[in-house]
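below: sequence and its predicted model.
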Amino acid sequence: MANIKSAKKRIKVIETKTLRNKIIRSSLKTTIKKFLTAVENNNAEEAKIAYLASARSLDKAVSKGIIHKNKAARKKSRLAARLDNLSA
């Protein structure tokens, strides 16, 4: 356990940031899962809406530093490919 006041504060700050990151990452996974469910059910309209939500949440996660921008770009590309296959 930390004895120095600044170290104690850092522990509290890190816990807050970790909680924020978990919330954002969890909601990101949920939106992606909704998209994948719509694709599996061959529901093109719902999949398109879910894709837009997923892309938006990926971009938000990048802007907040939760995931790397290349990972988000790769994920969006793969989701878009699945959406295109569904439409074709």
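Here it is on my side, so go on.

identify, by residue count, the longest helix of this structure.
In the chain, taking DSSP state H as the definition, the longest helix is helix 5-40.

for the record, mean pLDDT for the very next helix or strand once past that helix?
Past helix 5-40, heading to the C-terminal end, the next element that is a helix or strand (DSSP states H and E) is helix 44-63. The predicted model assigns helix 44-63 a mean pLDDT of 96.

elements contacting helix 44-63?
Helix 44-63 sits against helix 5-40, helix 69-87, with contacts defined as 3 or more Cβ pairs under 8 Å, 6 or more residues apart in numbering; DSSP states H and E. To be clear about C-beta, it is placed using only N, CA and C from the backbone, and glycine gets the same treatment.

can I get those in JSON lines with distance to residue 61?
Converted to JSON lines, those look like this (distance: least, Cβ to Cβ, whole Å):
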{"stretch": "helix 5-40", "distance to residue 61": "5"}
{"stretch": "helix 69-87", "distance to residue 61": "7"}
